[in-house]
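> Coordinates only, no sequence provided:
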């Protein structure tokens, strides 16, 4: 039940400051998230960029991202509902067709950074990217 | 005789307020489903405002029932009933409601801002755990969780302040 109060309510700006315990929780949360993020990025950003395609717990394929001018890879991933079409080219990885109803996986566009992923939950298909183009050196010259 | 069968006015008012919050929550749930996606299973959490208001005004039981009912009826309207999206949404909503109820009752000094912050983080984490354990079975899924949790901190904080503002404003305006 809404009880009444006779003192004016706090403004939105005052409320946005939060209490001291709110701020402490925010700082702890941000620090924990940053630590986990750096740990994950450190573990997946090494090596050349590779797209990994999974159906459930099974890895279907793993492809190195093609460089500029190299031929794109077209992969048909068989999922629970049907075939998810995946294209891997110089611009990154994208899903071009999916049997799911929402098509969110197709609409999510092209992904190219380490840690990016495309997930089609109804079809149980996952595409992830490991590694970075920064590590993709042909030679080091001093 | 007939008068004794009629429920007390306060009980009827409570039910009316709860139903109004449920309708608003369902409306916001449907609105959020139509928004462009910022990331997998990420939503601003506006519908959670109604759970927060129910928690403040009516207590844990009403807040929990509101969270469950909102996902059930909202999924019916957006056509995702009993699909993976429904399971993901329900797991996030239930976990967020439980975390918000527990923190609201046990953490002294916490405001709706902190409660909403923890609810948003619990919601996002629960959705990823559900997807990983029931559908995708790949820990690689968690690669994208930290940036989405950062966004959840932001939206949770704003939503908590908004809920506090609405609750305070309605309390004050109702006696003017």
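Structure received. Everything numeric here is computed off the predicted structure, so don't read it as measured data.
> Could you break chain A into its assigned domains?
Following automatic domain parsing, chain A resolves into domains at A:12-44, A:50-135.
> And for residue 89, nearest residue in space, chain neighbours not counted?
No chain was given, so I picked chain A. Nearest residue to residue A:89, sequence neighbours excluded (CB to CB, 6 or more residues apart in numbering or on different chains): residue A:72, at 3.5 Å. For the C-beta atoms, the positions are set from N, CA and C on the backbone; glycine is no exception.
> you looked at the wrong chain, it should be chain B
residue B:71 is the one closest to residue B:89 (CB to CB, 6+ apart), at 5.3 Å.
> If residue A:52 is in a bridge, with which residues?
residue A:62, residue A:128 (DSSP bridges).
> Now do the contacts for it.
Residues near residue A:52 by CB atoms under 8 Å, 6 or more residues apart in numbering or on different chains: A:59, A:61, A:62, A:127, A:128, A:129, A:130, B:140.
> coming back round to it: out of the domains of chain A, which is closest to residue B:7?
When these are compared by CB to CB, domain A:12-44 sits nearest residue B:7, at 35.1 Å.
> in the closest one, what counts as buried?
Buried residues in domain A:12-44, counted by 16 or more other CB atoms under 10 Å in any protein chain shown: A:15-16, A:18-19, A:21-22, A:25-26, A:29, A:33, A:37, A:40-41, A:44.
> and what of stretch A:58-70?
In stretch A:58-70, counting by 16+ other CB under 10 Å, buried: A:60, A:63, A:65, A:66.
> Dihedrals phi and psi, the third one?
For residue A:65, the backbone dihedrals are phi -60, psi 130 (criterion: degrees, to the nearest 10).
> shouldn't it be in contact with residue A:114?
No: when contacts are counted by CB atoms under 8 Å, residue A:65 is not listed as touching residue A:114 (10.6 Å).
> now the one helix or strand residue B:14 maps to: mean pLDDT?
In this structure, residue B:14 sits in helix B:9-34 according to DSSP states H and E. Mean per-residue pLDDT for helix B:9-34: 92.
> low pLDDT regions in chain A?
A:1-8, A:133-142 (pLDDT under 70).
> residues in contact with the closest residue to chain B within chain A?
Taking CB to the nearest CB as the measure, chain A has residue A:9 as its residue closest to chain B, at 3.0 Å. Residues in contact with residue A:9, defined by CB under 8 Å, 6+ apart, are B:165, B:168, B:169, B:171, B:172.
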